[in-house]
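**Q** can't give you the sequence, but here's the structure:
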């Protein structure tokens with residue numbers, strides 16, 4: 001059977017692109033003809049994709065098209081009118097209000113994005129979200145058959161040699177607070193900077209904030225953040241821009257703690273990466289953050305700078321709290337390692353491919369519509385400066 005994928009862009013080091021490549025490997029291993037077609041392709045991965053315009057050569061009523069939904073893309077317009085059997089993979093649409101004042105065009109696209117998403121519902125056989133949050137948004141948009149296909153990291157890739165140059169620059173005895181992700185407004189980098197200001201000025205003067213991520217397209221937001229750094233008179237706030245894989249691994253290895261205060265996450269790959277590298281994670285409980293952490297890390301209900309600074313101090317000094325957090329993360333990473341992504345993918349696609357699915361070792365949600373759903377274990381939470389256990393541990397958030 002022909003089972004191809006369509007993307008707006010196949011980017012180097014991008015979580016969506018990596019997921020598409022993982023899906024392709026599994027489909028080919030199962031005997032399916034499977035290519036990736038993309039509108040834009042990064043030169044470093046150009047050999048892994050075909051141009052979007054070539055999709056017309058394989059399009060037919062017998063072809064299954066897995067479309068990684070992207071607003072305002074030529075890929076979406078092409079597949080919406082194609083005769084193919086359609087599977088949507090949905091990675092979330094960031095609410096438009098985050099981009100107002102920084103990227104008006106993108107704010108407009110996001111505003112109309114949910115209407116565009118709903119237009120695909122009548123002709124889609126199966127819609128997959130990479131978190132329960134995203135699956136529920138698909139259901140609200142009118143998709144009849146939905147399920148969760150979580151991003152499952154290939155953790156062996158992260159054991160490659162880190163960049164010695166990065167380690168030489170920043171492995172100098174300072175306490176390194178790390179964030180990894182795009183430098184965009186919904187990530188609330190401004191909140192990270194304000195919390196770090198309290199930490200550096202009043203708790204740990206020899207400290208550094210490492211902000212690792214691409215800021216292209218959001219230069220206006222970057223300028224605002226750099227102005228905030230100057231206003232607060234902070235030392236060692238580093239905006240790295242986009243980095244290569246070996247540099248990313250080095251930043252994870254030299255950091256002391258991972259901090260995420262984002263207010264909208266459809267799925268947070270860096271949270272799981274940080275846990276893999278043994279970094280204690282502090283994260284604001286928003287969007288799919290709780291689900292992504294799978295019971296690991298320290299979830300915040302209150303992200304006032306003084307509260308965050310106190311936790312940064314406690315987690316970087318060692319002690320019982322650090323041990324508890326790291327133990328919770330080790331358990332979460334063990335669950336990720338045990339996930340059979342191939343079996344999980346086959347089970348999710350079985351209604352479309354007509355196959356008899358394996359029974360996957362899966363921590364994600366089952367298909368909706370009669371099947372029982374199991375969510376990830378819920379982790380600890382912080383409220384009013386106190387660490388609490390969620391009374392609904394083991395149920396869906």
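**A** Ah, there it is. These figures come from a predicted structure and were not determined experimentally.
**Q** how many neighbours does the nearest residue to residue 94 once chain neighbours are set aside have?
**A** In space, residue 94 comes closest to residue 186 once its chain neighbours are excluded; the distance is 5.2 Å by C-beta to C-beta, 6 or more residues apart in numbering. C-beta here means a position set from N, CA and C on the backbone, and glycine is covered the same way. Using other C-beta atoms under 10 Å, residue 186 has 18 neighbouring residues.
**Q** residue 21 now?
**A** The burial count for residue 21: 17, using other C-beta under 10 Å.
**Q** OK, contacts around it?
**A** Neighbour list for residue 21: 36, 48 [criterion: C-beta atoms under 8 Å, 6 or more residues apart in numbering].
**Q** do I have it right that residue 100 meets residue 107?
**A** Yes: between residue 100 and residue 107 there is a contact at 5.1 Å, judged by C-beta atoms under 8 Å.
**Q** which one of those two is surrounded by more residues?
**A** The residue with more neighbours, out of residue 100 and residue 107, is residue 107; 18 against 14, by other C-beta under 10 Å.
**Q** any idea how far the closest residue to residue 64 other than its chain neighbours lies from residue 69?
**A** Leaving aside its sequence neighbours, residue 64 sits nearest to residue 3 (C-beta to C-beta, 6+ apart; 4.5 Å). Computed as C-beta to C-beta, to the nearest Å, the residue 3 to residue 69 distance reads 17 Å.
**Q** higher neighbour count, these two?
**A** Between residue 3 and residue 69, residue 69 has the larger neighbour count (other C-beta under 10 Å), namely 27 against 23.
**Q** now do the strands in the stretch 51-200 of the chain.
**A** 64-68, 85-90, 124-129, 146-148, 175-180 (DSSP state E, counting those that start in this stretch).
**Q** kindly report the same for the stretch 201-350 of the chain.
**A** Using DSSP E, counting those that start in this stretch, the strands of the stretch 201-350 of the chain run over residues 207-212, 237-241, 257-260, 281-284, 298-300.
**Q** nearest residue to the middle of the chain?
**A** For the chain, residue 268 is the residue whose C-alpha lies nearest the centre (C-alpha atoms, centre = their mean; 3.0 Å).
**Q** residues contacting residue 119?
**A** residue 80 are the contacts of residue 119 under C-beta under 8 Å, 6+ apart.
**Q** tell me the pLDDT of it.
**A** For residue 119, the model assigns a pLDDT of 93.
**Q** equivalent analysis for residue 336, please.
**A** Value for residue 336, per-residue pLDDT: 92.
**Q** from residue 253, how far off is it?
**A** In terms of C-beta to C-beta, residue 336 sits 19 Å off from residue 253.
**Q** what about those two, which has more around it?
**A** Counting neighbours by other C-beta under 10 Å for residue 336 and for residue 253 shows that residue 336 has the greater number, 19 against 16.
**Q** pull the longest strand from the chain.
**A** strand 3-10 (DSSP state E).
**Q** so the helix or strand that that strand is followed by versus strand 85-90, what angle?
**A** As assigned by DSSP states H and E, the chain's next helix or strand after strand 3-10 is helix 15-29. Interaxial angle of helix 15-29 relative to strand 85-90 (axes from the mean of the first three to the mean of the last three C-alpha atoms, to 10 degrees): 140 degrees.
**Q** looking at helix 15-29 now, give me its mean pLDDT.
**A** Helix 15-29 carries an average pLDDT of 92.
**Q** now do it: distance to the chain's middle.
**A** Put simply, helix 15-29 sits 16 Å off its chain's centre (C-alpha atoms, centre = their mean, to the nearest Å).
**Q** residues of the helix or strand that that helix is followed by that come out buried?
**A** Downstream of helix 15-29, the first helix or strand assigned by DSSP H and E is strand 36-41. Buried residues in strand 36-41, counting neighbours by 16 or more other C-beta atoms under 10 Å, are found at 36, 37, 38, 39, 41.
**Q** where does the stretch 51-200 of the chain dip in pLDDT?
**A** The stretch 51-200 of the chain contains no residues with pLDDT under 70.
**Q** and residue 80, what is it in contact with?
**A** Counting by C-beta under 8 Å, 6+ apart, residue 80 makes contact with 119, 120, 123.
**Q** repeat for residue 45
**A** Residues in contact with residue 45 (C-beta under 8 Å, 6+ apart) are 10, 11, 12, 17.
**Q** repeat that with 6 Å
**A** For residue 45, the contacting residues are 10, 12, by C-beta atoms under 6 Å, 6 or more residues apart in numbering.
**Q** likewise residue 102?
**A** 185, 220, 221.
**Q** pLDDT score for the closest residue to it other than its chain neighbours?
**A** For residue 102, ignoring the flanking residues on the chain, the nearest one in space by C-beta to C-beta, 6+ apart is residue 221 at 4.6 Å. Predicted confidence (pLDDT) for residue 221: 94.
**Q** from residue 80, how far off is residue 64?
**A** 15 Å.
**Q** whoops, residue 66 was the one
**A** Distance from residue 66 to residue 80, by C-beta to C-beta: 14 Å.
**Q** same check, this time on residue 249
**A** Residue 249 is 39 Å from residue 80, by C-beta to C-beta.
**Q** for the residue nearest to the centre of the chain, what are its contacts?
**A** 289, 292.
**Q** what's the pLDDT at it?
**A** 91.
**Q** state the distance from it to residue 27.
**A** 26 Å.
**Q** how is the chain partitioned into domains?
**A** 3-152+339-353, 157-335 (automatic domain parsing).
**Q** for residue 249, give its distance to residue 337.
**A** Here residue 249 is placed at a distance of 18 Å from residue 337 (C-beta to C-beta).
**Q** same check on residue 61?
**A** 40 Å.
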